[in-house]
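here is a sequence with its predicted model. Questions after.
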Amino acid sequence: MQLPLFLFPPISLFSLALNSPNIFINPIQQYQKQHYFNRYYVQGPNKIQLLTIPIKKTSKPHPNLSEIQIFDNLWQKIHSRSLITAYNKSPYFEHYFPDIQPFFTNKYNDLYTLNFQIIKYLLKKLNIQPAQIIENQENEYALINNFDPTRKTLPSFFIPKSYTTTFAKFTPDLSILDLLFNCGPDTYNIIKESVQSKIDKNIC
């Protein structure tokens, strides 16, 4: 499966990863504006909150993700504080937040480097262990079309299983962080129960 390098991806992305013996990462995968590459959704105290990373403008019409430079590091403090406000009372926040905190303190210059490190960490933490994660430029990259960053529709292969949250009623397919902070070790099973029994091979 050619995995799009989303920033703290929606839960649905990992439902596909569960069914993939190999995960391919394309170093030259194309960046798309207003997509999950530099944004993710979490459940705030009063509403769904969108967290984004500011990027530098580029003259290229279709830049690769590795060519997308992060504008500055102020976003790290904003995201860190927002997650603490939203989830500090969640059952597993104190267990997982120290692990991801380096993503909000270490310096990253481009989205590819940051998102690749996040994906590798999350796959390991979720115990989703494909045979190998390969940086490969040859595989077709089309999976992104299954994800709607406006959140008006969910991927066809994803049937979200509800879980208990801290502040509000359940909202499907937020960032994987929402599920981790609220459900901890049950995250894997919840993702597994959110996968259709048969996934179209053309999707993967």
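Great, that's in hand.

from now on I want contacts and neighbour counts done on CA atoms only, so please keep to that.
Will do.

pLDDT weak spots in this structure?
Scanning the chain for pLDDT under 70 picks out 130-142, 197-204.

which residues of it fall in helices?
With DSSP state H, the ranges of helices along the chain come out as 11-17, 74-87, 93-100, 111-125, 176-183, 187-192.

redo these as JSON lines? Include distance to Tyr40.
Below are the helices of the chain laid out as JSON lines (distance: least, C-alpha to C-alpha, whole Å):
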{"stretch": "helix 11-17", "distance to Tyr40": "11"}
{"stretch": "helix 74-87", "distance to Tyr40": "10"}
{"stretch": "helix 93-100", "distance to Tyr40": "15"}
{"stretch": "helix 111-125", "distance to Tyr40": "12"}
{"stretch": "helix 176-183", "distance to Tyr40": "9"}
{"stretch": "helix 187-192", "distance to Tyr40": "18"}
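
and those as a markdown table, adding distance to Gln49 and mean neighbour count?
Shown next, in a markdown table, are the helices of the chain (distance: least, C-alpha to C-alpha, whole Å; neighbours: other C-alpha atoms under 10 Å):
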| stretch | distance to Gln49 | mean neighbour count |
| --- | --- | --- |
| helix 11-17 | 16 | 23 |
| helix 74-87 | 9 | 16 |
| helix 93-100 | 17 | 14 |
| helix 111-125 | 20 | 18 |
| helix 176-183 | 11 | 24 |
| helix 187-192 | 21 | 19 |
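
closest to Gly44 out of the ones you listed?
Nearest to Gly44 among those is helix 74-87 (4.8 Å), distances taken as C-alpha to C-alpha.

name the residues that touch the closest one?
42-45, 51-54, 93, 101, 103-105, 166, 181 (C-alpha atoms under 8 Å, 6 or more residues apart in numbering).

hmm, try it at 10 Å
42-54, 88, 90, 93-94, 97, 100-107, 165-167, 177-178, 181-182 (C-alpha atoms under 10 Å, 6 or more residues apart in numbering).

now swap in stretch 53-68 and tell me
5, 7, 26-33, 37-40, 69-76, 78-79, 109-115.

same thing with stretch 117-127?
Contact with stretch 117-127 is made by 3-9, 14, 17-18, 25, 96, 99-100, 103, 111-112, 115-116, 128-130, 133, 176-177, 180, 184-189, 191, as judged by C-alpha under 10 Å, 6+ apart.

could you pull out the strands for this structure?
Assigned by DSSP state E, the chain shows strands spanning 22-25, 39-43, 48-52, 132-135.

from the contact counts, what lies against the third one?
When you say that, I think you mean strand 48-52. Applying 3 or more C-alpha pairs under 10 Å, 6 or more residues apart in numbering; DSSP states H and E, we find strand 48-52 packed against strand 39-43, helix 74-87.

still on that earlier bit, need the buried ones from the contacts of helix 74-87 selected in ChimeraX.
Command for ChimeraX that selects the buried part of the contacts of helix 74-87, burial taken from 16 or more other C-alpha atoms under 10 Å:
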select :42,43,44,49,51,52,53,90,93,97,103,104,165,166,177,178,181,182
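
of all the helices and strands packed on strand 48-52, which lies closest to Leu143?
Of all the helices and strands packed on strand 48-52, strand 39-43 comes closest under C-alpha to C-alpha, at 17.5 Å.
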